[in-house]
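Student: The following comprises the amino acid sequence and a computationally predicted model.
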Amino acid sequence: MNPSTSLLPTGTGSATPREYPLEYDAFRQLCERPYLEYARLRTGDGTRAARSVSRAFADLCAHWSDTLRSACPAAYAWEILNAAVDGEEVNGTVGSPRLPCHLTAAQADAVRLHHHLGLNLQKTAALMGTDDQSVRAVLRSAARTRCTALFCLLDRT
């Protein structure tokens, strides 16, 4: 990827792996914007979101061959992204805003991508590294799960 086309600040995570650089660049071009939007929802802050996505792409770049050899590269990348977002500081503490949530991680991710970011089922499934039917199932189960917290942001499914 041409660093000038990256949505991340200059100099952050713009390396390209030695092996399979075209595949990495294509993957990054497809995923960078939705990864940033998702990370912004999770962290509540654009700077922390950009930092976590930069870290995720740096990890992917460093282990790109492993990513391609995994059973599902998109699912592997999704795990790396979530680990990077989980490691970001939120209100002075390291942790994830999803921890107190009443939904499972898969439900919360599907709700964020599909309902909050407006991605269709196919794009949601592709980003999470799963199939459309699985996303449909977790969205339905999320809709049947109600939070007892007064101000749950994910309860609007």
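Tutor: In hand now; what should we look at? Numbers count the residues shown, from 1 in each chain.

Student: The protein: strands as residue ranges?
Tutor: Secondary structure of the chain (DSSP state E): strands at 89-90, 93-94.

Student: weakest of the ones you listed in terms of mean pLDDT?
Tutor: Ranked by mean pLDDT, those bottom out at strand 93-94, with a mean of 48.

Student: name the helices or strands packed onto the longest helix seen in the chain?
Tutor: Across the chain, the longest stretch assigned as helix under DSSP state H is helix 21-43. On a contact count with 3 or more Cβ pairs under 8 Å, 6 or more residues apart in numbering; DSSP states H and E, helix 21-43 meets helix 46-62, helix 64-69, helix 73-86, helix 121-128. All C-beta atoms are positioned from the backbone trio N, CA, C, and that covers glycine.

Student: Nearest to Glu19, out of these?
Tutor: helix 64-69 (5.3 Å; Cβ to Cβ).

Student: Spatially nearest residue to the residue nearest the centre of the chain, not counting backbone neighbours?
Tutor: With distances taken as Cα atoms, centre = their mean, Tyr35 lies nearest the centre of the chain, 4.6 Å away. Nearest non-adjacent residue to Tyr35, counting by Cβ to Cβ, 6 or more residues apart in numbering: Val53, 4.9 Å away.

Student: neighbours of the one you found, just the number please.
Tutor: Val53 has 29 neighbours, counted by other Cβ atoms under 10 Å.

Student: Could you do Leu22 as well?
Tutor: Neighbour tally, Leu22, other Cβ under 10 Å: 9.

Student: could I get the helices and strands packed on helix 21-43 as CSV with distance to Arg144 and mean pLDDT?
Tutor: CSV is the format used below for the helices and strands packed on helix 21-43 (distance: least, Cβ to Cβ, whole Å; pLDDT from 0 to 100):
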stretch, distance to Arg144, mean pLDDT
helix 46-62, 30, 94
helix 64-69, 34, 92
helix 73-86, 24, 95
helix 121-128, 18, 97
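
Student: Columns distance to His115 on top of these, output as TSV?
Tutor: Shown next, in TSV, are these (distance: least, Cβ to Cβ, whole Å):
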stretch	distance to His115
helix 46-62	18
helix 64-69	28
helix 73-86	18
helix 121-128	10
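
Student: Out of those helices, the one nearest Arg140 is which?
Tutor: Here helix 121-128 is closest among these (Cβ to Cβ), at 11.5 Å.
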